[in-house]
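Student: The sequence isn't on hand, but the structure is:
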């Protein structure tokens, strides 16, 4: 269930529709992996009754939020949006659309937001050039500042060598972290989203008509310090400006639905 954006082109949407049959075919085989992931979450929850699930509303976290809800709707789902104290928001409009669609489809879900309160300038803002000269010293881990709880996350092994090594050595769950889809491939994640009719962020269709691989597109707070990334095969700044040219308003939501 793709959440569209006005900046997606007909070529983008045609490429996205072309994935449909492929996703449904793989999705039909996902039930055993679903059961194992739910078992992993329940096992972690038994050890950590105060655990939460943290989300970004990207593909992996939507899957994990759904699995969490299936395991126990009382496990809180927490989002840390990049929002300044003055209300300036760096999240994209489809993130709010995905959030709202997810909550409508998951009655009883416990949900809250912990705004990340960015301290550093973003691309195009005063002080940006100076910040980029000292980016390592001034780096801010907004997620780490807001999430201290034992947590369930959508981290997967095939995203990086470091994550592969971590999951290989520690397994799907460690002292304070549970990674129930840690061994899923990106193809399996997209297939599961399609098979379960879960909301999908429009960023994954923002491929310049198929020139970018959807597996490596990511949902993130825009105008960030990273100017290029091999995972996009493209200049992130240009990609953000093409597909997310304006900031949107923060649309807070916190409730049990």
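Tutor: Looks like it arrived, so ask away. Quantities reported herein were computed from a predicted structural model and do not represent experimental measurements. Residues are numbered from 1 along each chain as shown.
Student: how distant is the helix or strand where residue 69 lies from the center of its chain?
Tutor: Assessed by DSSP states H and E, residue 69 sits inside helix 59-71. Distance of helix 59-71 from the chain centroid (CA atoms, centre = their mean, to the nearest Å) equals 11 Å.
Student: Give me the buried stretch members for that helix, please.
Tutor: 59-71 (16 or more other CB atoms under 10 Å). (C-beta placed from N, C-alpha, C; glycine too.)
Student: Can you spell out which helices and strands pack onto it?
Tutor: If you count contacts as 3 or more CB pairs under 8 Å, 6 or more residues apart in numbering; DSSP states H and E, helix 59-71 packs onto helix 31-47, strand 52-55, strand 77-79, helix 93-105, helix 186-195.
Student: For the stretch 151-257 of the chain, which segments count as helices?
Tutor: 161-170, 186-195, 236-243 (DSSP state H, counting those that start in this stretch).
Student: With distance to residue 3 added, can I get those in CSV?
Tutor: Output for the helices of the stretch 151-257 of the chain, formatted as CSV (distance: least, CB to CB, whole Å):
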stretch, distance to residue 3
helix 161-170, 26
helix 186-195, 11
helix 236-243, 13
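Student: So in this structure, where's the weakest helix or strand by average pLDDT?
Tutor: Lowest by mean pLDDT, DSSP states H and E among the helices and strands of the chain is strand 228-229, with a mean of 47.
Student: one step back: just name the closest of the buried residues of helix 59-71 to residue 37, please.
Tutor: residue 67 (5.0 Å; CB to CB).
Student: can you tell me which residues contact that closest one?
Tutor: Contact analysis of residue 67 by CB atoms under 8 Å, 6 or more residues apart in numbering lists 34, 37-38, 41, 180-181.
Student: Now do the closest residue to it other than its chain neighbours: how many residues are near it, please.
Tutor: Ranked by CB to CB, 6 or more residues apart in numbering and with sequence neighbours excluded, the top spatial neighbour of residue 67 is residue 37, at 5.0 Å. A count of nearby residues for residue 37, using other CB atoms under 10 Å, gives 28.
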